[in-house]
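> coordinates for the following, if possible.
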Amino acid sequence: MTDQWPDSEVPEMPEEGAPIRLQIANIGGDLRLRGWDEDRVAADGVAAAFEPDEEGVIAIQVPGDLSLRVPPGVEIVCHNVGGDARLSGLSGPARIDNVGGDLVARGIGSLQARHIGGDLRAKAVFGDIAIGQIGGDATLREIEGEVKIEAIGADLYVRELKGVCAVGRVGSDLVLSTEFMAGGVYRFTVGSDIVCRVPPQASVRFRIADCGDLVIDAPDAELSEGREYDEVVFGDGAALVELSAGSDIRLVEKDEDYMMAINFQLEGELASRLDGIEEKLAEQLSGLDELLSEKAAHLRMKADRAAERAMQEAERAMRKAEKKVSGKHKRGFSFSFGGDWPPPRGPHGPGKPHVPRPPEPHSGVTDEERLMILRMVEARQISVEEAEKLLAALEGR
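Take a look at the predicted model:
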């Protein structure tokens, strides 16, 4: 569980190279994790507190957005992200059980996720990728490890893989452009079309179990048809690619399809620029959050001071009103001499008239009534003049 911390920094990491795990239980909004070279975790725009426990685990739970800078080698474990998740520059492994929106991973060690509601964009991942379900599109570029994905709801774009790749189900199209590792096995089951760019002098065997039309735009390819599947062999066929498509499959040598090359280049440049824009926007918004927090704290302080001054003025007005009413209603008594003079001798002695004792003064306004009137003045329900009249009426009852 988490408490609140006063500033944006958390305690330094345990010494002597102890392994650190950043464990995030739940993020209601967006999650952003960025790697840096310092040996501490810094949070941007979030007032939540955590400390590493004896086992080196840092636990966080935030109802809104979370933005953290993470030291090298920290293991990331996140159970749920309600919005988008963005991971960049993390040398350690990252595992996210559920992402409600998009997941963007760039320059990280490895990636695991059970469910991604939106799109997946992964680039420059140095380890393996293991994903369960992806609701939207998936883009994989420059992945050095093995890729395993159970299902993708829409399109899959694959480029420059260093390891093998297996996708259980692609809902729409597959665009594949990569070198194929000798001895590696690649599997794709696709609901619509497949376009595969085969590198020059490639050594790969395509085993096609099912498709609509098979189009081969490569002069060096050898096609052999069979009962259960067809095979298209390039070179020695050292790598195996198993394909199944609900519609057409097109195999083309990389140098032949210049339009596809241009599209990939444009897509790469656009993604790179978007990453840069998102990075700058995140930094600017982070600074804006801090500025807004400072402004809000300053405004709260001014409001507290104004409320205190209003209370003091209301109290002074009440005291003034009470004094004014008290001056108007001071109680006294008078004599009237009638009958014979001097009065007859009485029990008080000769010549001393019997003076009746004045009545006991009325208690007037109670403390509860004064407090109630004070609160009404403070709340601007009545004016000071109206409070004076009300006090006068209560005094004279």
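
> do I have it right that V241 meets F206?
Yes - judged on Cβ atoms under 8 Å, V241 makes contact with F206 at a distance of 5.0 Å. No exception for glycine: its C-beta is placed from N, CA and C like everyone else's.

> ranges for the helices of this structure?
With DSSP state H as the criterion, the chain has helices at 258-328, 367-378, 384-395.

> what residues are shared contacts of V241 and F206?
C196 (Cβ atoms under 8 Å, 6 or more residues apart in numbering).

> which strand residues bridge the residue nearest to S224 when sequence neighbours are not counted?
Computed as Cβ to Cβ, 6 or more residues apart in numbering, the closest residue to S224 that is not its neighbour in sequence is E231, at 4.9 Å. Taking DSSP bridges as the rule, E231 bridges to R207, S224.

> then V198?
Applying DSSP bridges, one finds that V198 bridges with E253.

> show me what contacts it?
So V198 contacts V204, A218, A221, F234, L251, V252, E253, K254 (Cβ under 8 Å, 6+ apart).

> format these as TSV; extra columns: distance to G117, neighbour count and pLDDT.
As requested, the contacts of V198 are arranged in TSV below (distance: Cβ to Cβ, whole Å; neighbours: other Cβ atoms under 10 Å; pLDDT from 0 to 100):
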residue	distance to G117	neighbour count	pLDDT
V204	34	25	96
A218	38	18	87
A221	39	18	92
F234	38	25	95
L251	33	24	94
V252	33	18	92
E253	37	19	84
K254	34	17	66
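
> just these now: which is nearest Y186?
V204 (8.7 Å; Cβ to Cβ).

> next up, the contacts around that closest one.
Counted by Cβ under 8 Å, 6+ apart, V204 has contacts F180, V198, V233, F234, G235, G237, A238, A239, L240, V241.

> hey, least reliable of the helices of the chain by pLDDT?
For those, the weakest mean pLDDT is recorded on helix 258-328, namely a mean of 62.

> pLDDT weak spots in the stretch 51-200 of the chain?
Scanning the stretch 51-200 of the chain for pLDDT under 70 picks out 51-56.

> one more pass at 50, please.
The stretch 51-200 of the chain contains no residues with pLDDT under 50.

> show me what the nearest residue to W36 once chain neighbours are set aside is bridged to.
Nearest residue to W36, sequence neighbours excluded (Cβ to Cβ, 6+ apart): R69, at 4.8 Å. Beta-bridge pairing of R69 under DSSP bridges involves R34, A42.
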